[in-house]
Structures are given as C-alpha cells and as structure tokens.
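K.L.:
next input, structure requested:
(one chain, ligands or ions: 2)
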Amino acid sequence: MDTRNKIAVIGGGSWATANIKMLADNTAEKEIFWWMRNADAVGHIREFNHNPNYLSSVEIRLPKHHISTDIKHIISAADFIVLNVPAAFLKEALTGITPADLQGKFIVSAIKGIVPDENQIMGEFLNQHYHIPFAHFLVLSGPCHAEEVALEKLSYLTIASGDLELAARFAGLISTRYIRTIVSDDIYGTEWAAVLKNIYAIASGICHGIGYGDNFQAVLISNAIRELERFVAVVHPINRDIKESAYLGDLLVTAYSQFSRNRTFGNMIGKGYTVKSAQLEMNMIAEGYYAVNCLHQVNKQYKVNMPICEAVYAILYKKKAPVPQMQHLAGQLS
Ligand SMILES: NC(=O)C1=CN([C@@H]2O[C@H](COP(=O)(O)OP(=O)(O)OC[C@H]3O[C@@H](n4cnc5c(N)ncnc54)[C@H](OP(=O)(O)O)[C@@H]3O)[C@@H](O)[C@H]2O)C=CC1
Ligand SMILES: O=C(CO)COP(=O)(O)O
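P.N.:
Ligands and ions are numbered 1, 2, ... in the order given. Presented below is the predicted three-dimensional model:
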C-alpha cells in the first residue's frame, strides 16, 4: 500500500505557487498535485517548469501529469486538499465538486477571505456546504507574502486546526529551511484575523495614498489591532494572545509590506483610482475589497464598534471620498 502523503493545491495564483514551492522543498515523502483553471498556464508549467503569470522565478518540479485543469481528478488523487483560490471565486472553482468528492479528506484553507453572499469564513462554509467536519479542517495562515517565499526569506506560518496532531502532521509537510511552523487550535480567531487584517491594510494604503505619514499609520494600526481583538472576542470568545504572529504579525506585514496586494489597492484608491481601475491595474486580488462588504453584513448581527472597517466600507461601497472619510476616522482614533 502507498502510504505517502498526497497533497493537492487548488488555485494558480501567487500563494498557490508559493505553497507548491514550500511543499516541494520540504523533504518528507509525498506526492503533490496542482489544479488551476488556466489551461495555457498548465501547458506552460508542464513545458517550462515555471508559472508564467505568478512568481515566475520559482522552479516547479512536479510530474507533468500532476498538473491539470481537471479539479475532480486532482482532488480524487489527494488526501490533503489545500484550497487557494480567492474567496470570491471559490464557489466557481468548486463547480461540480460534491460533498462525496471531499469525504474523508483533510481540507486546508490557505484563503484569507469570506465567501460572498454566504458571508462565511472557510471553516463555516465548508462545514455547511460540503459537510467537512472541523476535525478535518485546517487553516494555513501567518505573516507570509508569496514573493518572500520565492526569495526563500525566513517566514513563520501558523497552522490552526481543531486537531493539533493533524496540524502538526501538515506542518511536517510544509516546513522547510526557510519556513517555520506554529500550530494553534484557534480556527475561528486565525481565520477572522486573516480576513480583517486585509481590510486594515486597505485602510493603511488609502491613508498613505492621501498623504498621511508613518506617525499616523502607527496610530491607525494600533487601533486596528484593538478593533480586530474586539471583533474576534465577540465572535469566538476564547483566551488568545492577540500579539501572536497569526494575529498582530499578519496585520503588521500586510499593512506595511511593499508586497501587500491589499495595501497597494488601498493606496491606489487613496490616489484617486476607481475600484475597477485599481483592480485592473493590479491584476491580482485584494481580498479585503470583498471582505469589507461581507463584514459589514456580518457585523449587523454582532454590532461590534469597528470604525476602521466602516470607513473602508464607506469609501469602497458607498463611494465616499477618501479624504473626509479618513479625517472623520482620525477623530475616532486614540
Ligand atoms: N499572495 C500572498 O502572499 C498570500 C495570499 N493569500 C491568500 O491566498 C488566496 C489566493 O490569493 P493570491 O494567490 O494572492 O492571488 P493572486 O492575486 O496572486 O492571483 C489571483 C488568483 O485569482 C484567480 N482569479 C482571478 N480572477 C478570477 C475569476 N474571475 N474567477 C476565478 N479565478 C480568478 C486567478 O486565476 P487566473 O490566473 O486564472 O486568472 C489567480 O489564481 C487569497 O485568499 C489570499 O488572501 C494568503 C497568504 C499570502
Ligand atoms: O496574507 C498576506 C500576507 O500574510 C498577503 O497579503 P496581501 O494579499 O495583501 O498581499
């Protein structure tokens, strides 16, 4: 019997490409499979061993027949399924996949977003729509940009699961010389923190775009971590240290890094781009754009005081001008 771990990565963007690199660089015995929707990219990777569209410097060393546009085939080949499609497109990517296709598999969410319309984070969405038990669900998170993985810069990932042994097993498959792993049992807190920090990074970008300096940014982000803590304490009240890497660390890297898609998107909005033109110009996905709308709906239930998220929502969805909106927000910060 073949006892090797079999891992499928679902998605063809930067983070999926980085995940493939980490899994391949990890020395544990395993087979890796990769699905993406783009047939041209699959052909290019099979022929030239590089993703033509994302992290093109990374060498891909997978057997050709392990890379495919046939998601059912790729999912059926693996035990661990790493979901890595932006949340807004997840339903579309999983078209034709039934709960039976995922039964018995371990599902790892590398997605830092909320499924639109459902307004659910991944664990909830997969549990409700695909009957994935929380004991089979893992979250891959932490402060880590795909671009720095490509450069093999030392990074720390948090793997959260209701089953810490399972989290440790997956950690053993993805840790490398340049990737250290932390395990956690806080699925909800880890997921929500990863969603919210994208919105705060958009706020950070907008403020930079309209001319606020580093002094203001520091106040913004120290208020952001308190806002984040307030929200997760209401949604999932457990004893957690918000200063850990998966919470504060991920907020800091996304709000300050030159690589952040969310910060870049926010910066363009601050500079006067429309949402459409900023999205076209970036050619990458800023999850926080979709998440802030979902969060606005979700928070109607919880009624947590979230002035930063509300300011971003007003700018992106109510077409409010960034300057007065951020001036109003500034009056509420401390
Ligand atoms: N990039 C990073 O450093 C990190 C990202 N993440 C998370 O990983 C997830 C994936 O993001 P990331 O890899 O950055 O994405 P990218 O911005 O690098 O790539 C965009 C991805 O979205 C797909 N896509 C774009 N438009 C559509 C559409 N209309 N329908 C279906 N698919 C579409 C693209 O497919 P195609 O190429 O075929 O257009 C591509 O796979 C997100 O949840 C993100 O928050 C988490 C940690 C780090
Ligand atoms: O989650 C990330 C870093 O930890 C990536 O953030 P961006 O999507 O803003 O690039």
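
K.L.:
count of residues packed around the closest residue to ligand 1 within the stretch 151-300 of the chain?
P.N.:
At 3.2 Å from ligand 1, Met284 is the closest residue in the stretch 151-300 of the chain, using C-beta to the nearest ligand atom. Glycine gets a C-beta too; all of them are placed from N, C-alpha and C. Residues contacting Met284 under the criterion other C-beta atoms under 10 Å number 16.

K.L.:
which of the helices or strands spans it?
P.N.:
In this structure, Met284 sits in neither a helix nor a strand according to DSSP states H and E.

K.L.:
go on, the one 10 residues further on?
P.N.:
Secondary structure assigned from DSSP H and E places Cys294 in helix 287-302.

K.L.:
show me the contacts for the residue of the stretch 151-300 of the chain closest to ligand 1.
P.N.:
13-14, 261 (C-beta atoms under 8 Å, 6 or more residues apart in numbering).

K.L.:
before we move on, what about Arg4?
P.N.:
Neighbours of Arg4 in contact, by C-beta under 8 Å, 6+ apart: 29-31.

K.L.:
could you flag which of the residues you listed are buried?
P.N.:
30-31 (16 or more other C-beta atoms under 10 Å).

K.L.:
which one of the contacts of Arg4 is nearest His208?
P.N.:
Among the contacts of Arg4, Lys30 lies closest to His208 (C-beta to C-beta), at 41.3 Å.

K.L.:
looking at the contacts of Met284, which are in helices?
P.N.:
14, 261 (DSSP state H).

K.L.:
restrict the contacts of Met284 to contacts with ligand 2.
P.N.:
The subset of the contacts of Met284 within reach of ligand 2, by C-beta under 6 Å from any ligand atom, is Arg261.

K.L.:
a markdown table for the contacts of Met284, including pLDDT and neighbour count?
P.N.:
Listed next are the contacts of Met284 as a markdown table, based on pLDDT from 0 to 100; neighbours: other C-beta atoms under 10 Å:
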| residue | pLDDT | neighbour count |
| --- | --- | --- |
| Gly13 | 98 | 21 |
| Ser14 | 98 | 23 |
| Arg261 | 98 | 26 |
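
K.L.:
adding distance to Leu62, write the contacts of Met284 out as TSV.
P.N.:
Listed next are the contacts of Met284 as TSV, based on distance: C-beta to C-beta, whole Å:
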residue	distance to Leu62
Gly13	17
Ser14	17
Arg261	25
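
K.L.:
what does the stretch 51-200 of the chain have sitting close to ligand 1?
P.N.:
Near ligand 1, when you scan the stretch 51-200 of the chain using C-beta under 6 Å from any ligand atom, you find 53-54, 84, 86-87, 89, 92, 110-113, 144-146.

K.L.:
let's see that with 8 Å instead.
P.N.:
Contact residues, the stretch 51-200 of the chain versus ligand 1 (C-beta under 8 Å from any ligand atom): 53-54, 84-89, 92-93, 110-113, 140-141, 144-147, 149, 194, 198.

K.L.:
before we move on, back to that, what pLDDT does the residue of the stretch 151-300 of the chain closest to ligand 1 get?
P.N.:
At Met284, the model reports a pLDDT of 92.

K.L.:
so how far is Gln301 from the residue nearest the centre of the chain?
P.N.:
Among the residues of the chain, the one closest to the centroid is Lys112, at 2.5 Å (C-alpha atoms, centre = their mean). Lys112 sits 21 Å away from Gln301, going by C-beta to C-beta, to the nearest Å.

K.L.:
same check on Ala194?
P.N.:
20 Å.

K.L.:
please enumerate the helices of the stretch 201-334 of the chain.
P.N.:
214-235, 250-256, 261-270, 275-282, 287-302, 307-317, 322-330 (DSSP state H, counting those that start in this stretch).

K.L.:
what helices and strands are in contact with the last one?
P.N.:
Read that as helix 322-330. Counting contacts by 3 or more C-beta pairs under 8 Å, 6 or more residues apart in numbering; DSSP states H and E, helix 322-330 is packed against helix 187-209, helix 307-317.

K.L.:
what's the most buried one of the ones you listed?
P.N.:
Across the helices and strands packed on helix 322-330, the average number of neighbours (mean count of other C-beta atoms under 10 Å) peaks for helix 187-209, which reaches a mean of 27.

K.L.:
how far does stretch 143-160 stretch from start to finish?
P.N.:
14 Å (C-alpha to C-alpha, to the nearest Å).
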